[in-house]
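**Student:** Could you work out the structure for the sequence below:
(one chain, ligands or ions: 2)
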Amino acid sequence: MAWFKRKKQEETLPEKAPETPQRYEYGLSKSRKRFREGLLSLFGLGMKIDSGLLERIEAFLYESDLGTAVTELILDEIEKESRKKLLLNEADIRELMLRLFGEMFKDDELSIPLEQNQPCVVLVVGVNGAGKTTTIGKLASHYSASGKKVLIIAADTYRAAAIEQLDIWAQRAGVEIIKNLEAKNPSGIVYDGIQAGISRNADLILIDTAGRLHNKAHLMQELDKIRRVIAKVIPDAPHETLLVLDGSIGQNSLVQAREFSKVTPVSGLIVTKLDGTAKGGSMIAIRKELHIPVKFIGLGEKLGDLLPFSPAMFVNALFGGFEDRS
Ligand SMILES: Nc1nc2c(ncn2[C@@H]2O[C@H](COP(=O)(O)OP(=O)(O)O)[C@@H](O)[C@H]2O)c(=O)[nH]1
Ligand SMILES: [Mg+2]
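**Tutor:** Numbering: from 1, shown residues only. Ligands and ions are numbered 1, 2, ... in the order given. Purely as a prediction, here's the structure:
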């Protein structure tokens with residue numbers, strides 16, 4: 001009975017909860033639901049830890065997109081725990097996950113180095129449709145609202161529509177954009193854009209690039225060229241290269257992140273579309289394997305739907321306080 005009551009309440013949450021922890025919970029509600037239901041289905045009041053239970057936990061962790069390394073880590077911990085304790089319940093597992101993941105994320109550098117660099121140059125890369133352009137619009141709005149002068153460079157020169165889309169986002173965010181609908185050479189636009197950013201005293205320059213796959217050699221060379229051109233103007237730039245990943249493809253985004261980081265330096269990740277998926281656990285798999293911090297997460301299509309990543313809020317939204325809040 002209590003279970004049904006909780007479920008009903010969750011469905012009637014307001015569309016936008018005002019506080020950030022609630023935004024996390026609401027935005028991640030599909031993943032949260034998967035974890036909650038998964039854990040509840042594993043346990044009665046308390047279960048003796050035996051090989052049958054461990055196998056079921058293992059299957060549950062895999063199905064939750066946590067990946068092999070994280071699954072093994074959790075199973076090891078459970079085995080350790082079982083030496084101290086005979087019975088285990090879902091709250092114990094949640095405690096354990098909250099602790100393990102909290103430790104995993106704790107030293108991540110989450111901010112973009114805006115204070116140390118003026119302008120701070122951020123290159124945004126990823127495959128087609130991952131959410132690069134949308135994310136740049138949201139980032140521009142986020143930093144502009146906090147008083148920073150933001151300039152966007154439209155370096156996706158393959159499609160005129162891409163430039164128009166970015167233009168709309170720049171208008172929404174109220175920031176300047178450097179674009180050239182005639183240009184075919186992205187590094188030329190980038191060069192002009194960086195010069196413009198310097199002369200206009202921009203605090204932050206965001207560069208939108210065309211979608212590319214890591215195995216398309218000419219596109220990766222083009223990315224190298226963009227990097228060289230940036231460094232010609234500002235030697236230690238780009239200060240940040242953000243790889244945008246579609247969170248709704250789960251473990252496949254781990255494969256993408258792994259391959260991208262082999263061929264171009266990636267300093268941070270942005271995981272989008274976590275609002276529409278139950279595969280939020282894959283972010284933990286990515287973090288564990290790649291040691292690249294997640295800096296922002298996308299929880300919707302609107303301007304305010306990009307949130308700075310908070311490991312504590314993320315982990316809590318997925319595993320925390322099921323009884324108290326939902
Ligand atoms: N639900 C949801 N949709 C998103 C999010 N981020 C991007 N999208 C959508 O994903 C689609 C592709 O985004 P776009 O920025 O054009 O991707 P790009 O090709 O990498 O530049 C668009 O329809 C966006 O509205 C997100 O966080 N949540
Ligand atoms: Mg785009």
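
**Student:** Buried residues of the strand or helix carrying residue 318, list them for me.
**Tutor:** Following DSSP states H and E, one finds residue 318 within helix 311-319. Of the residues in helix 311-319, 311, 313, 314, 315, 316, 317, 318, 319 count as buried by neighbour count, 16 or more other CB atoms under 10 Å. (Each C-beta comes from the backbone N, C-alpha and C, glycine too.)

**Student:** Report the mean per-residue pLDDT for it.
**Tutor:** The average pLDDT within helix 311-319 is 90.

**Student:** can you list the residues of this structure near ligand 2?
**Tutor:** Applying CB under 5 Å from the ion, we find that the chain lies next to ligand 2 at 132, 133, 162.

**Student:** near ligand 1, which of those residues show up?
**Tutor:** With CB under 6 Å from any ligand atom as the criterion, the residues of the chain next to ligand 2 include 132, 133 near ligand 1.

**Student:** By neighbour count, which of the residues of the chain next to ligand 2 wins?
**Tutor:** residue 132 (27 neighbours; other CB atoms under 10 Å).

**Student:** what sits against that residue?
**Tutor:** For residue 132, the contact set (CB atoms under 8 Å, 6 or more residues apart in numbering) comprises 124, 125, 126, 156, 208, 209, 211, 244.

**Student:** Now the element after the helix or strand bottoming out on mean pLDDT in the chain, going C-ward?
**Tutor:** Least confident helix or strand of the chain, by mean pLDDT, DSSP states H and E, is helix 2-11 with a mean of 41. Heading C-terminal from helix 2-11, the first helix or strand you meet, by DSSP H and E, is helix 20-27.

**Student:** Which parts of that following helix count as buried, going by neighbours?
**Tutor:** So for helix 20-27, counting by 16+ other CB under 10 Å, buried means 21, 22, 23, 24, 25, 26, 27.

**Student:** got it, and stretch 208-216?
**Tutor:** So stretch 208-216, judged by 16+ other CB under 10 Å, has buried residues 208, 209, 210, 211, 212, 214.

**Student:** which secondary structure element contains the first one?
**Tutor:** Just to be clear, that refers to residue 208. Using DSSP H and E, residue 208 falls in strand 204-209.

**Student:** what pairs with that strand, and is each one parallel or antiparallel?
**Tutor:** strand 120-125 (parallel), strand 150-155 (parallel) (DSSP bridges).

**Student:** So which residues make contact with the first one?
**Tutor:** Taking CB under 8 Å, 6+ apart as the criterion, the residues outside strand 120-125 that touch it are 112-114, 132, 135-136, 139, 194, 197, 203-209, 212, 223, 226-227, 230, 234, 237-244, 260, 264, 266, 270.

**Student:** Going through those, which ones are buried?
**Tutor:** In the contacts of strand 120-125, the ones that pass as buried (16+ other CB under 10 Å) are 112, 114, 132, 135-136, 139, 194, 197, 203-209, 212, 223, 226-227, 230, 234, 237-244, 260, 264, 266, 270.
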